[in-house]
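**Student:** My questions are about this predicted structure, shown below with the sequence.
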Amino acid sequence: MTQNIISLKHSFRQQVNNLYFEGKLTISHKSVLMTLATFLGRSGLFPSHATIAQACKRSERTVIRALERAYALGLVVRTHRTVVQGGKKVRTSNSYRLIVTASDQLREAGKHMSRALWKGVSHLTDRMSEKVAKNISISGFERRYPEPQPPERTREELLAAIASWQT
């Protein structure tokens, strides 16, 4: 069992490094996800945002952004944990599952996107959904750069404008 956990951590960290070098994760995202993997144990993976932030010396907001990016890439799956207190369900920390195979990552990324688009997530604006749609390709998530735009003025017009500044 311990060997499986060690191999899962190693595979996950390798995936995170690869995505970082491909430009799909920032250094902060990488730091948070590498730290998240350290919490994996026999009983599961369920650190709070504050615990992860303290361990990797980042803010809680950075942790949340990194986890959101990991959900979008299909690297991590989140499950909300609840307990019953006084007859009411109370939400506690999240439980996480690390995904290392490419097919599982694509499936989880698709599930995350469909929940975000069709379940009425209020924070997904039209601009964000357009941005996501531009960044998705058939082979998975690839960073797309905007097409270069032609200049609004010709070279001669720009030189004339600069020359007028000197007078």
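**Tutor:** Noted; the coordinates are in hand.

**Student:** Let me see the contact set for T79.
**Tutor:** Going by Cβ atoms under 8 Å, 6 or more residues apart in numbering, T79 touches N94, S95, Y96, R97. Every residue, glycine included, has its C-beta placed from N, CA and C.

**Student:** Let's verify it: helix, strand, or coil?
**Tutor:** strand (DSSP: H, G, I helix; E, B strand; the rest coil).

**Student:** Kindly reformat the contacts of T79 as JSON lines containing neighbour count and pLDDT.
**Tutor:** Shown next, in JSON lines, are these (neighbours: other Cβ atoms under 10 Å; pLDDT from 0 to 100):
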{"residue": "N94", "neighbour count": "17", "pLDDT": "88"}
{"residue": "S95", "neighbour count": "14", "pLDDT": "92"}
{"residue": "Y96", "neighbour count": "23", "pLDDT": "94"}
{"residue": "R97", "neighbour count": "14", "pLDDT": "92"}
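
**Student:** Looking at those, which is nearest M34?
**Tutor:** Distances from M34 to the contacts of T79, taken as Cβ to Cβ, are shortest for Y96 (13.6 Å).
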